[in-house]
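Q: fold the stuff below for me.
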Amino acid sequence: MKSLYLSIVFLCSVSLSVNAQEAKSPNGKLTAKTIGNKLIISYEKKQVLELADIPFEKLDFVRKVEDDYRMLEGKRLHCTNKANEYSSPLRNFAVSKIVMRLYNDGIAFRYEYSHLRDNKVPSEDTNYIIPEGTKRWMQQWSDGYEGFFPMTTTAQVKTLGGFGGSMVQNDINTHWGYPLLMEPADGVFALITEANIERRQSASSLFNKGEVFSVVQDQNDLLLTGDWHTPWRVVIIGHLADIVQSTLVTDVSEPSKLDYVSWIHPGVVSWIYWANNHGSNDYNIIKKYVDMAVTLHLPYVLIDAEWDEMDKLASNEGKTIEDAVAYANSKGVKPLIWYNSSIGWVNGAPGPKYRLNKPEDREKEFAWCEKIGVAGVKIDFFSGDNQANMDYCQDLLESAARHHLLVNFHGAPIPRGWQRTYPNLLSTEGVYGAEWYNNVPHFTKKAACHNATLPFTRNVIGPMDYTPCAFSDSQHPHITSLAHELALTVLYESGLQHLADRPESFLAQPDEVKAFLGQLPTVWDETRYVSGYPGESAVLARRSGDIWYVAGINGSDEAKTLDCNLSFIKGKKKNVRLFADDASGKWQISNIGKLPSKIDCQPRGGFVIVVNKR
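A: Presented below is the predicted three-dimensional model:
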């Protein structure tokens, strides 16, 4: 029902003439104060962030905001939040204002304009100051947001090259993608991103000159008439638990636009590409992945790129994608199929191409998908953050919803709140994930540290199609442990969780591992930060009903003991199972009598604890 997803907002307005010398969050821990042309953001009386050259003078209190809504996927299904909202006129544009909300876990602000008449998009003056010496985890911008988040204390970072943009390798990078995590005070963090991209808007990214990181909106050639506003500029603030557990990106995003959602079912997916790059044109290989899904009790199978060439392969004996879809459905496995967006990588890229770009073609294609029994679509190779792409993504989501199709965006910008507005969007890539074992040798040594960074950066802002859990090797080997790989399926949140490995590998695992994968949730009633630090280790706990899943990984090359205080798991524990590994790399699976307070991890190792209270 629509009422399940509609936002419930209570507004208490007061006169705008009340001058707020210091804007505060509802719990008072977060404050914002204007000093000259600066806005100073503090948390627990520690300065966290400075905005320079602000285009307003003072923030006047407007109203209290309370929100209560439900999600179909995410780190928490039932979300609530409170904020104090303030506003101020802008100096540099007539009939305009900035609106700022202070939540207990961060700030969100946007620029609002009225009575526009064929105006170009107004320029924006959002400048974050990140002093040299501040620890930060930043990703070089690229179309698909597929980069590392190395810890550094300086903006003087050389480009990697080959990840988009015009800069060549070894130049100093000045273009950064969201999210940007920093630690401005010991134990206090701030994560910069944005949320709620609507029509007529582009997304933005960060450009820096020294310590000044400016928000720059991507290309938007529209002439604006009437009212218009920017997306929300969002900074999640607090301790690591506040960062990891925050739902601020969806808190400020538009409620669901879908009237009917009972057809939307998140789940685990059998995925062909990691082990068989061109396997989706082979009917017999697809059958193996369907059969694996049946054995492991997985609800979905993804038929990836080049399925449109299936009838050209002699060994298929005339079989087509419709035969593959029919086979999956006959086995009780729901098929998802891949499309090229045809706006990013086109020349030399796989197909099918040009089937979704025109509205009439898109409707015809999605109607055909619905007719033959396709459950969802993976759409790949977008070309960045510009306004035309943002509108195109929303066109795709709305058209897919009309035909009851789930959506996974790949080769695409990061989530910015659409998972709330369009709940059929169950995952987005926007991450340097396991498929890179197919492409480059250097991921092998970097993966463990990178994996332990993502829970504090990319996955904070929305579902992440990392494609986890590879027990065997692809074109380049992995040196993370078996339990490390299993832990990623819990550590990483994604409404569609694509399992990377080949059928032979999964089916050779112990029965306990196969049963774990068959029962793995992809939506969570609750998420808790337990311990960890970006790049070093990560331990999170997620609850599905009355079962807790606790996952931890060691991001270092040395053995490490991870803190695992699970005192928040109350009540009787009927069954507690530990998945870990020993020094030889073999599984160590056991039922344990009580919850441990610490876990010893092998180098690049990990663990999963399943706590069943039934």
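Q: where in this structure is pLDDT low?
A: The chain contains residues with pLDDT under 70 at 1-20, 161-169.
Q: and if we set it to 50?
A: Applying pLDDT under 50 to the chain flags residues 1-20, 162-167.
Q: spatially central residue for it, please.
A: Taking Cα atoms, centre = their mean, the centroid of the chain lies closest to residue 462, which sits 3.1 Å from it.
Q: who's in contact with the nearest residue to that one once chain neighbours are set aside?
A: Spatially, and ignoring its direct neighbours in sequence, residue 462 is nearest to residue 415 (2.8 Å; Cβ to Cβ, 6 or more residues apart in numbering). To be clear about C-beta, it is placed using only N, CA and C from the backbone, and glycine gets the same treatment. With contacts taken as Cβ atoms under 8 Å, 6 or more residues apart in numbering, residue 415 has the following neighbours: 249, 425, 428, 430, 461, 462, 463.
Q: what about residue 415, which SS state?
A: coil (DSSP: H, G, I helix; E, B strand; the rest coil).
Q: for residue 435, same thing?
A: helix.
Q: isn't it right up against residue 273?
A: Yes - using Cβ atoms under 8 Å, residue 435 makes contact with residue 273 at a distance of 6.6 Å.
Q: helices along this protein, start to end?
A: 240-245, 248-251, 283-296, 321-330, 359-372, 387-402, 418-421, 443-451, 482-491, 503-507, 511-519 (DSSP state H).
Q: remind me, longest strand of this protein?
A: strand 106-119 (DSSP state E).
Q: report the distance from that strand to the chain centre.
A: Distance, stretch centre to chain centre, for strand 106-119: 26 Å (Cα atoms, centre = their mean, to the nearest Å).
Q: strand partners (parallel or antiparallel) of it?
A: Sheet pairing of strand 106-119 (DSSP bridges) gives strand 96-103 (antiparallel), strand 224-229 (antiparallel), strand 232-238 (antiparallel).
Q: in that strand, which residues are buried?
A: 106, 107, 108, 109, 110, 111, 113, 116 (16 or more other Cβ atoms under 10 Å).
Q: before we move on, what about stretch 202-212?
A: Neighbour counts over stretch 202-212 (16+ other Cβ under 10 Å) mark 202, 203, 204, 205, 206, 208, 211, 212 as buried.
Q: need the contact partners of that stretch.
A: Counting by Cβ under 8 Å, 6+ apart, 52, 121, 124, 127-132, 141, 155, 174-178, 180, 192, 194, 197, 213-220, 230-231, 385-387, 390, 413, 416 sit against stretch 202-212.
Q: how far out from the middle of the chain is that stretch?
A: Computed by Cα atoms, centre = their mean, the chain-centroid distance of stretch 202-212 equals 20 Å.
Q: what do you get for stretch 92-111?
A: 24 Å.
Q: can you check stretch 273-281 too?
A: Distance of stretch 273-281 from the chain centroid (Cα atoms, centre = their mean) equals 24 Å.
Q: go on, stretch 442-459?
A: 14 Å.
Q: now do stretch 384-392
A: 18 Å.
Q: do the same with stretch 120-136
A: That offset, for stretch 120-136, works out to 22 Å (Cα atoms, centre = their mean).
Q: for stretch 53-64, same thing?
A: Mean-position distance between stretch 53-64 and its chain equals 30 Å (Cα atoms, centre = their mean).
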